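Colleague: no FASTA, just this:
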């Protein structure tokens, strides 16, 4: 049986990054997100990337249809900013992911594999 890679199928890849972590850990989380995207073929028809930043509240940092290039997605990742809040409401991040980020309005596709990653470094 041949090995199957995510890049063989359309993938909607979403990150939920905890912004209540210390600054050095925040930088590590962003580098991790970038490293993960390096293993995918970023394009409008292959892999789309979106991100949520959460603490006491969750918000979409950028939607799945924000940019369809590897360089553009990496710029979006490194452009994300932490909030001043100290809460860790992953439940709110997951709610935003399922209700909003992974919806057609924000660029999700029917039939694409949905991959959700929580970044804590």
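Modeller: Perfect, thanks for sending it. A quick note: this is a predicted structure, and the numbers were derived from the prediction, not measured.

Colleague: Stretch 69-87 - what's its average pLDDT?
Modeller: Looking at stretch 69-87 alone, the average pLDDT works out to 90.

Colleague: How about stretch 102-109?
Modeller: Per-residue confidence for stretch 102-109 averages out to 94 on the pLDDT scale.

Colleague: what does that stretch contact?
Modeller: Stretch 102-109 is touched from outside by 10, 12, 14, 48, 50, 60, 63-66, 100-101, 110, 114, 116, with contacts defined as CB atoms under 8 Å, 6 or more residues apart in numbering. C-beta: built from backbone N, CA, C; applies to glycine.

Colleague: out of those, who's nearest residue 84?
Modeller: Within the set of the contacts of stretch 102-109, residue 60 lies nearest residue 84; the separation is 18.4 Å, counting by CB to CB.

Colleague: For that closest one, pull up the helix or strand it's in.
Modeller: Taking DSSP states H and E as the definition, one finds residue 60 inside strand 58-62.

Colleague: Which strands and helices lie in contact with that strand?
Modeller: When contacts are defined as 3 or more CB pairs under 8 Å, 6 or more residues apart in numbering; DSSP states H and E, strand 58-62 sits against strand 47-54, helix 90-96.

Colleague: so which helix or strand takes in the residue lying closest to residue 62 once chain neighbours are set aside?
Modeller: Nearest non-adjacent residue to residue 62, counting by CB to CB, 6 or more residues apart in numbering: residue 76, 4.6 Å away. Here residue 76 sits within helix 70-78, counting by DSSP H and E.
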